[in-house]
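Participant: Everything below, folded, please.
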Amino acid sequence: MNAPEEKRDPALGDTDVPAAAALAPAKPKPSYVRRHRAQAMAVLVALAVSAAVLARWWLGPQVITGTVLRRDFVQSVVASGHVEAPHRLDVGVQITGTVLRVPVAEGQAVKAGDLLVELDAAELTATGRQADAAVAQARARLRQLQEVQAPVAAQTLRQSQATLENARAALARNQELFEKGFVGQAALDDARKTSELADAQMRATRMQLDTTGATGSDRALAVADLSGAQASAQAARARAGYAAISAPVAGTLIARNVEVGDVVQPGKVLMTLSPRGFTQLVVQIDEKNLGLLALGQSALASADAYPTQRFNAQLAYINPGINATTGAVEVKLDVATPPAVLKQDMTVSVDIEVARRPKALIVPLAAVHDSDGAAPWVLRVEGRHAVRIPVKLGLRSGGLAEVTSGLGQGDTFVVTPATITPGARIRIAAASASAPP
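Facilitator: From the prediction side, this is the model:
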């Protein structure tokens, strides 16, 4: 059976549209506003952004400002260094010996006279006793000369004088008898010889007595022997004292190179002592600051281990040479009253006051422009504009600068941003910044 023939609308041509669809009513077309809503919104947003940008451009960029202050201003040079005693004492021995005792430790504070090292002194003690015995013997010989030999010599002299007187009397009698012819020449000669011998004996006895006197040679020898023995005893005692090495001054032991049982000898450093009471700070200063330094300048310093405990120092030495490698100059500062916490070789920070200006005009260096090679200038706020003002600067320190001309107290200047064009309109931030105190 043939299918029913599909009806076609002649107005639709040859398209295969069902008859029901062809008979459906047509949809209404959208309005112009609805069709261009998105474009309108984009235009409105662009206008709003343009208005905002235009308003921002008209009002100018927002900046942070500061105010020129007047106050005392100190320029300082900041450097770091270390603590150093002006001199260190190397402690050693004067004799060879075995270490018997070391009663101190490295880092210990000692007083003058405290025992540092003790050596075995048995042999030295024995030598000292021998020297003392020699002194006693010399003293006994001197007493023997004074108490025995001198009196005996005096008595012998008296006997010799008596013998001489008798011999002279016998000679006189024999002379008289010879003249009368009672004795011969031989008897007279014998009497004369006896007298001469007695005279010689008396002279020898007197000389013996003189040697025992205060200016005599025997006494002088005895006194010299006693003095030599005493000197030997003193040397022995001194040598025995070398066995005990004591601290020559008060200070701190910063090195110890000896232990009990070591055999030590002269020339070996056993300990290093840092004297107490006089301390210096040795710091390195950049050579560009050399022209600012002068002897006698005051400084404030602190040990890095105790940054809150600051103490006074004074510049006492400037090295005349420059370190070619680091470009620094070494300076030393005296510390009159060092704090108790200050130790040898501690790292310290030092602020040396090199100049002071009372009631100076101060601005932060961040607000000063001098990178273009021209004279320094600052953007001063005048109404709603930033005006370029040339300035002259004095002292500089700690991010601040002294203004000697160009600005006055209370003037407002632009701190940030640094890209503001001179003469541009600006908006001041709600919280403006002043020069740091």
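Participant: residue contacts, the spatially most central residue of the chain?
Facilitator: Nearest to the centroid of the C-alpha atoms of the chain, with distances taken as CA atoms, centre = their mean, sits E84, at 2.2 Å. By CB atoms under 8 Å, 6 or more residues apart in numbering, the contact list for E84 reads T279, Q280, L281, V282, K332, Q344, D345. Backbone N, C-alpha and C define where each C-beta goes, glycine included.
Participant: for the one helix or strand T404 maps to, packing partners?
Facilitator: Under the criterion of DSSP states H and E, T404 resides in strand 400-405. Using 3 or more CB pairs under 8 Å, 6 or more residues apart in numbering; DSSP states H and E as the contact definition, the elements that strand 400-405 packs against are strand 347-364, strand 392-397.
Participant: Send over the first one as PDB, restricted to the C-alpha atoms.
Facilitator: Spelled out, it's strand 347-364. Taking C-alpha atoms only, strand 347-364 is exported to PDB below (Å, rounded to 0.1, in the frame of the first residue of the first chain):
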ATOM      1  CA  THR A 347      84.300  41.600  70.600                       C
ATOM      2  CA  VAL A 348      83.000  45.200  71.200                       C
ATOM      3  CA  SER A 349      81.100  47.800  69.300                       C
ATOM      4  CA  VAL A 350      82.200  51.400  69.600                       C
ATOM      5  CA  ASP A 351      80.500  54.700  68.700                       C
ATOM      6  CA  ILE A 352      83.100  57.500  68.500                       C
ATOM      7  CA  GLU A 353      81.700  61.000  68.800                       C
ATOM      8  CA  VAL A 354      83.500  63.000  66.200                       C
ATOM      9  CA  ALA A 355      81.400  66.200  66.100                       C
ATOM     10  CA  ARG A 356      78.400  67.800  67.900                       C
ATOM     11  CA  ARG A 357      76.000  70.500  66.700                       C
ATOM     12  CA  PRO A 358      73.700  72.100  69.300                       C
ATOM     13  CA  LYS A 359      70.200  72.900  68.000                       C
ATOM     14  CA  ALA A 360      70.800  71.800  64.400                       C
ATOM     15  CA  LEU A 361      68.100  71.400  61.700                       C
ATOM     16  CA  ILE A 362      67.700  67.600  61.000                       C
ATOM     17  CA  VAL A 363      66.300  65.700  58.100                       C
ATOM     18  CA  PRO A 364      66.600  62.000  57.200                       C
END
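Participant: which of the residues in that strand are buried?
Facilitator: Going by neighbour count (16 or more other CB atoms under 10 Å), the buried part of strand 347-364 is 348-352, 354-355, 357, 360-364.
Participant: Same check on the shortest one?
Facilitator: Buried residues in strand 392-397, defined by neighbour count with 16+ other CB under 10 Å: L393, L395, S397.
Participant: Ok, stretch 189-196 next?
Facilitator: Along stretch 189-196, these residues count as buried under the neighbour rule (16+ other CB under 10 Å): A191, T194, S195.
Participant: How about the closest residue to D304 other than its chain neighbours: which residues does it bridge to?
Facilitator: Spatial nearest neighbour of D304, chain neighbours left out: T347 (4.6 Å); criterion: CB to CB, 6 or more residues apart in numbering. In this structure, T347 has the following beta-bridge partners (DSSP bridges): H82.
Participant: for T347, what are its contacts?
Facilitator: With CB under 8 Å, 6+ apart as the criterion, the residues that contact T347 are S80, G81, H82, A303, D304, A305.
Participant: Surely E106 is within a helix?
Facilitator: No. With DSSP: H, G, I helix; E, B strand; the rest coil as the criterion, E106 is located in coil rather than a helix.
Participant: Where is pLDDT lowest across the contacts of E84?
Facilitator: Lowest pLDDT among the contacts of E84: Q344, with 79.
Participant: Name the spans of the stretch 1-150 of the chain whose pLDDT lies under the cut-off.
Facilitator: Judged against pLDDT under 70, the low-scoring parts of the stretch 1-150 of the chain cover residues 1-60, 86.
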